[in-house]
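Undergrad: What shape does this take:
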Amino acid sequence: MFVGHYGVALALRPSKGSPSLPVLFTAVQLVDIAFFSFLIPGIERMRIAPGATVMNAMDLYFLPYTHSLVGALGFSLAFAAIVAALTPSDIRWRAFAITAFAVFSHWLLDLLVHRPDLGLLGDSEVKLGLGLWNYPFIEMPLEIAITGIGLAIFMASRRPLNRTALISIGVLVAAMAGLQAFNWFGPQPAAGADLTFFAIEGVLAYLIFIALAWWVERTTAPIPAAGRDAMRMAPAR
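TA: Take a look at the predicted model:
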């Protein structure tokens, strides 16, 4: 799963006490950012094995720090603590909870799509994964739905959009659609390929999305809570 993770970030942004959209975009992909960073020096490892799953050729055989259950929880708590420390005290615990969930949501969604390669603690013998990457007719509509629902929730929480805001959101949506299409239908690295460039590409893609999220955050404004309450209470016409 790729852009589906961003659907979670978009859905969480309207929550009271939520950190900014670029922080949430970082949170939902944090374990993958760490994985690609660890892949370069060989701290974690994968190989290209054609046929590993129907949708991609990634054999993710050693992910003990980023994608084990305990590892993902550790990343969730650590990043949430950093965000909370930089948040005003009156919403600090809300920011902590939302950020921790955003980070851990990555593992929960990966649990759906990975084949059994997600350990419990480190590189444990017990590995989890429901393997939806082997069922594109389920995984692809699911990913589109998660992303679309998240975007709809986010848009419903924003004030009427001016031209600049529409452009920023349009570019974000186009980037998500384009890179997801490439992820699904683009060429896979060849077996035995040097994965350093593959890892660098991955990190750069996440940084681009964080930058786009920052742009959207800067060009849109939330509907005040009082305004949302008034809209919900207004009688239907």
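Undergrad: low-confidence ranges in the protein?
TA: 225-237 (pLDDT under 70).
Undergrad: For Ile210, grab the count of nearby residues.
TA: Using other C-beta atoms under 10 Å, Ile210 has 17 neighbouring residues. Backbone N, C-alpha and C define where each C-beta goes, glycine included.
Undergrad: what's near enough to touch the spatially closest residue to Leu63 that is not a sequence neighbour?
TA: Closest residue in space to Leu63, ignoring its immediate chain neighbours: Glu44 at 5.4 Å, by C-beta to C-beta, 6 or more residues apart in numbering. Neighbouring residues of Glu44 by C-beta atoms under 8 Å, 6 or more residues apart in numbering: Phe35, Phe38, Phe62, Leu63, Pro64, Tyr65, Thr66.
Undergrad: and the nearest residue in space to the third one that is not next to it in sequence, what is it in contact with?
TA: So the one you mean is Phe62. Nearest in space to Phe62, with sequence neighbours left out and distances taken as C-beta to C-beta, 6+ apart, is Arg45 at 4.1 Å. The contact partners of Arg45, taken as C-beta under 8 Å, 6+ apart, are Leu39, Tyr61, Phe62.
Undergrad: For those, pick the one with the most neighbours.
TA: Result: Leu39 is most packed of those (other C-beta under 10 Å), 23 neighbours.
Undergrad: where do the helices sit along the chain?
TA: Along the chain, counting by DSSP state H, helices occupy 4-12, 21-28, 30-39, 69-85, 92-113, 136-156, 163-185, 196-219, 225-233.
Undergrad: CA atoms only for the fifth one - export them in CSV, please.
TA: It stands for helix 92-113. Taking Å, rounded to 0.1, in the frame of the first residue of the first chain, the C-alpha atoms of helix 92-113 are listed here in CSV:
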residue,chain,number,x,y,z
ARG,A,92,-0.4,18.0,23.9
TRP,A,93,-2.0,14.7,24.7
ARG,A,94,-4.4,14.9,21.8
ALA,A,95,-1.5,15.6,19.5
PHE,A,96,0.4,12.6,21.0
ALA,A,97,-2.5,10.2,20.5
ILE,A,98,-3.3,11.3,17.0
THR,A,99,0.4,11.2,15.9
ALA,A,100,1.0,7.8,17.5
PHE,A,101,-2.1,6.4,15.8
ALA,A,102,-1.0,7.9,12.4
VAL,A,103,2.4,6.2,12.7
PHE,A,104,1.0,2.9,13.8
SER,A,105,-1.7,3.0,11.1
HIS,A,106,1.1,2.2,8.6
TRP,A,107,1.7,-1.2,10.2
LEU,A,108,-2.0,-1.9,10.3
LEU,A,109,-2.5,-1.2,6.6
ASP,A,110,0.7,-3.1,5.8
LEU,A,111,-0.8,-6.1,7.7
LEU,A,112,-3.5,-6.2,5.0
VAL,A,113,-1.3,-6.2,2.0
